[in-house]
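Novice: one predicted model, sequence on top.
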Amino acid sequence: MDGKALAKRVRQNAAAKVDRIRQATGVTAALATVLVGNDPSSATYVRMKRKRCEDAGMKSLCVELPEDSTTQQVVAEIQELGQDPAVHGILVQHPVPKPIDKRAAFEAIPIEKDVDGVTSGTLGRVILGMPSFVACTPAGIVALLREYNVEFDGAHAVVIGRSPILGRPMASMLINAHATVTLCHSRTRSLPDIIRGADVLIAAVGKPRFVQGEWLKPGVVVVDAGYNPGNIGDVDFDEAVKVASMITPVPGGVGPMTIATLIDQTADAAARQLGLNL
Ligand SMILES: NC(=O)c1ccc[n+]([C@@H]2O[C@H](COP(=O)([O-])OP(=O)(O)OC[C@H]3O[C@@H](n4cnc5c(N)ncnc54)[C@H](OP(=O)(O)O)[C@@H]3O)[C@@H](O)[C@H]2O)c1
């Protein structure tokens, strides 16, 4: 499944929305990114996101805070962005330095600007199937699976990983799409046996080549959300590709869809805040 190709179309569509917003209101949609500390990969991710924003005609604002910032300082900065009418979406790049309470930082984002889908309010809405922004990675995955006409209704979907930004919203979205979902994590017993029952497998573990080809049922659809150092996914691609009916590559699968979803949700956030129905 070619995430790069679909992501390009999603970004083009978002750029058209940004254009319509500007023509209708004179306002340019804007995403604020908050980067705390000196983690080089986080800085790279923020740069990539800002570039994609600008490519789509949006404004991108970056608030950089020092490594030794306190939770209070980070929360205060986010609250200020939350109140700024010129900012339509807020992304707090994670991980943040250890002493900072990440949850407190996320919860400072107003739900209408939570374009990265990280607040408890957003996750609650996703679980209940209410209209909402969604964490970008699972939203991108669902869009990619729909693009390839993957059947969810009645399918057994296995999700490996239960993080609040990936595994949990992923499982909820699949349940809402009428899949039967098994959510696995580090305490799960007999994981290979569970995976063998999957019609759709989402790997979000954070361990290089963790999922073995021999664990897969022939014809399974495999989504590899993993992004480990050296561009290595969570699935042993070379083995899995022999068994799966469809599979996402790493890179070029889930990653581009995540950023495209962020751009698209920011355009939607701007439209909503400006009272437009695009
Ligand atoms: N492409 C993208 O845009 C994108 C975006 C976000 C993340 N990612 C990638 O996706 C992966 C997961 O990210 P994340 O933020 O969700 O990671 P995370 O917060 O570290 O969560 C990892 C999950 O995997 C589970 N796990 C760990 N070892 C396991 C094992 N041996 N068996 C079964 N489950 C196990 C953990 O279980 P416990 O809960 O029990 O600890 C946890 O729920 C990473 O590779 C990350 O780089 C990619």
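Specialist: In hand now; what should we look at?
Novice: ok, now which ones touch D19?
Specialist: By CB atoms under 8 Å, 6 or more residues apart in numbering, the residues touching D19 are G57. C-beta here means a position set from N, CA and C on the backbone, and glycine is covered the same way.
Novice: where does the stretch 101-250 of the chain come near the ligand, residue by residue?
Specialist: 137, 160-163, 165-167, 184-188, 191, 204-207, 225-228, 234 (CB under 6 Å from any ligand atom).
Novice: show me those residues that map onto helices.
Specialist: Of those, the ones assigned to helices by DSSP state H are 137, 167, 191.
Novice: which of these sits closest to the ligand?
Specialist: Of all these, T137 has the smallest distance to the ligand: 4.2 Å, by CB to the nearest ligand atom.
Novice: quick check, the closest one in contact with T258.
Specialist: Yes - counting by CB atoms under 8 Å, T258 is a contact partner of T137 at 4.7 Å.
Novice: these two: which is more packed in?
Specialist: T137 (27 against 23; other CB atoms under 10 Å).
Novice: who's in contact with G89?
Specialist: Applying CB under 8 Å, 6+ apart to G89 gives the contacts 29-32, 113-116, 262, 265-266, 269-270.
Novice: now tabulate those residues in CSV and tack on secondary structure and pLDDT.
Specialist: Shown next, in CSV, are those (DSSP: H, G, I helix; E, B strand; the rest coil; pLDDT from 0 to 100):
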residue, secondary structure, pLDDT
A29, coil, 98
A30, strand, 98
L31, strand, 98
A32, strand, 98
K113, helix, 98
D114, coil, 98
V115, coil, 98
D116, coil, 97
L262, helix, 98
Q265, helix, 98
T266, helix, 98
A269, helix, 98
A270, helix, 98
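Novice: nearest to the ligand, of these?
Specialist: For the contacts of G89, the nearest to the ligand is L262 (9.4 Å; CB to the nearest ligand atom).
Novice: show me how this protein divides into domains.
Specialist: Listed domain ranges for the chain are 24-110, 136-255 (source: automatic domain parsing).
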